[in-house]
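Q: Everything below, folded, please.
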Amino acid sequence: MATYYLFGKYSQDSLKQISSQRTQKAKEIIQKLGGKVKSMEALMGDKDLVFVVDLPGTREAAKASLALTKLTGISFSTSEAIGIEEFDKLANET
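A: Next up, the predicted model:
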């Protein structure tokens with residue numbers, strides 16, 4: 001499993017549809033793709049949301065991003081995260 005950060009930006013229409021039911025459906029999308037939601041946070045700044053999720057791989061992360069956009073109307077950008085200990089090891093190998 002890999003960790004991904006899904007950064008979301010609301011549209012005017014997606015703001016009107018905020019609900020706990022929609023949030024639950026978003027969690028179910030991640031779970032159906034074999035993933036786990038680690039956290040979902042609202043942000044202040046140029047991004048409105050961040051979902052931190054574990055997913056089996058890049059294909060599932062892409063599917064999650066697309067499915068969440070279709071469900072919510074929120075525009076998502078997705079980044080894979082590398083734990084800092086692993087990053088330190090990689091840096092020392094170069």
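Q: all strands of the protein, in order?
A: For the chain, applying DSSP state E gives strands covering 2-9, 36-42, 49-55, 75-81.
Q: Could I get the buried residue list for the second one?
A: Of the residues in strand 36-42, those buried by neighbour count under the rule 16 or more other Cβ atoms under 10 Å are 37, 40. Just so you know, the C-beta spots here come from the backbone N, C-alpha and C atoms, and that holds for glycine as well.
Q: partner residues bridging residue 77?
A: Residue 77 has these beta-bridge partners by DSSP bridges: residue 7.
Q: what do you get for residue 3?
A: In this entry, residue 3 is beta-bridged to residue 54, residue 81, by DSSP bridges.
Q: tally of neighbours for it?
A: For residue 3, the count of nearby residues is 17 (other Cβ atoms under 10 Å).
Q: Hmm, it is touching residue 84, no?
A: No: applying Cβ atoms under 8 Å as the test, residue 3 and residue 84 come out as separate, 11.7 Å apart.
Q: Need the per-residue pLDDT for residue 18.
A: Note for residue 18: predicted pLDDT of 93.
Q: separation between it and residue 85?
A: Separation of residue 18 from residue 85 (Cβ to Cβ, to the nearest Å): 36 Å.
Q: So between the two, which is more surrounded?
A: Set residue 18 next to residue 85 and count neighbours by other Cβ under 10 Å: residue 18 wins out with 13 against 8.
Q: Which helix runs longest in this structure?
A: Secondary structure assigned by DSSP state H gives helix 58-72 as the longest helix of the chain.
Q: and it, C-alpha only, in PDB?
A: Only the C-alpha atoms of helix 58-72 are listed here, as PDB (Å, rounded to 0.1, in the frame of the first residue of the first chain):
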ATOM      1  CA  THR A  58      -1.100   4.500  -8.900                       C
ATOM      2  CA  ARG A  59      -4.000   3.000 -10.900                       C
ATOM      3  CA  GLU A  60      -6.300   3.000  -7.800                       C
ATOM      4  CA  ALA A  61      -5.200   6.500  -6.900                       C
ATOM      5  CA  ALA A  62      -6.100   7.700 -10.400                       C
ATOM      6  CA  LYS A  63      -9.400   5.900 -10.200                       C
ATOM      7  CA  ALA A  64     -10.100   7.400  -6.800                       C
ATOM      8  CA  SER A  65      -9.400  10.900  -8.000                       C
ATOM      9  CA  LEU A  66     -11.600  10.600 -11.000                       C
ATOM     10  CA  ALA A  67     -14.500   8.900  -9.100                       C
ATOM     11  CA  LEU A  68     -14.300  11.500  -6.300                       C
ATOM     12  CA  THR A  69     -14.500  14.300  -8.900                       C
ATOM     13  CA  LYS A  70     -17.500  12.600 -10.600                       C
ATOM     14  CA  LEU A  71     -19.200  12.200  -7.200                       C
ATOM     15  CA  THR A  72     -18.600  15.600  -5.800                       C
END
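Q: Good, wrapping up.
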